[in-house]
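*Asks:* Predicted coordinates and the sequence they were generated for:
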Amino acid sequence: MLEYLYPLRTYLIVSGVEKPNIMAADWVVPLSFNPQLLGVAVGRQRYTHKLIKELGEFVVAVPTLELLKEVWIAGTLSGAKEDKLARMKLTLLKSKKVKVPSIKECQANLECRVVKELEVGDHTLFVGEIVDVTFGDAFIKGKPDLSYRYIMHAGFGNNFTTNTNEKFEI
Ligand SMILES: Cc1cc2nc3c(=O)[nH]c(=O)nc-3n(C[C@H](O)[C@H](O)[C@H](O)COP(=O)(O)O)c2cc1C
């Protein structure tokens, strides 16, 4: 019944240091302003799960529509079996505070350190403290430029949409 929560925004989760890995994730949730916390629910069988457990760090990267192909690769192949990065047109950059790298082509990279782990059914909710962030032109003074098309997953499977480019002020 979780499908009734969709569409949800889609992000990329970077994990690992020596051989970094990237997976797609819809289940990313803001949790606290002070300290700045977010949660990501990662299936226990994912390679990302193993890497986050081992290193206690991850990066949440914000892709735009131009990266849909990369998102799909990240969300359908496992780093346990494939060198996903070799198939993706993405550039890894050194992050500011964590050892896990950031993604150059993404509009924001939120650097997180795990402060809590909660076993929730078949997923683990990794609670990350956001220790630093880098961002691109899509963010002006912390606000998103809505002419950029942020990726939204339109249900389980291969359906995607974006925000509508329209702007409203109330
Ligand atoms: C758009 C999209 C969103 C996804 N969201 C999540 C998610 O929030 N949590 C999760 O555990 N898996 C999610 N998945 C599945 C993983 O990305 C997928 O199983 C991936 O192959 C795991 O890679 P890994 O084994 O290299 O970590 C999603 C897949 C797609 C295509």
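*Replies:* Received it, and whenever you're ready, just let me know what you need.

*Asks:* is it true that residue 42 lies in a strand?
*Replies:* Yes. Residue 42: assigned to a strand according to DSSP: H, G, I helix; E, B strand; the rest coil.

*Asks:* So for it, what's the pLDDT?
*Replies:* If you check residue 42, the pLDDT there is 99.

*Asks:* contacting residues around it?
*Replies:* 13, 23, 25, 48, 49, 52, 123, 124, 126 (C-beta atoms under 8 Å, 6 or more residues apart in numbering). Bear in mind the C-beta positions are built from the backbone N, C-alpha and C, glycine included.

*Asks:* surely residue 108 meets residue 130?
*Replies:* No. Taking C-beta atoms under 8 Å as the definition, residue 108 is not a contact partner of residue 130, at 10.5 Å.

*Asks:* residue in the protein nearest to the ligand?
*Replies:* Going by C-beta to the nearest ligand atom, the ligand is nearest to residue 75 of the chain, at 2.4 Å.

*Asks:* Wait, residue 147 touches residue 165, no?
*Replies:* Yes. Between residue 147 and residue 165 there is a contact under C-beta under 8 Å: 6.0 Å.

*Asks:* burial measure for residue 108, as a count.
*Replies:* Applying other C-beta atoms under 10 Å, we find 20 residues neighbouring residue 108.

*Asks:* Let me know the pLDDT of it.
*Replies:* 98.

*Asks:* can you check residue 17 too?
*Replies:* 97.

*Asks:* Equivalent analysis for the one 4 residues further on, please.
*Replies:* On the pLDDT scale, residue 21 is placed at 98.
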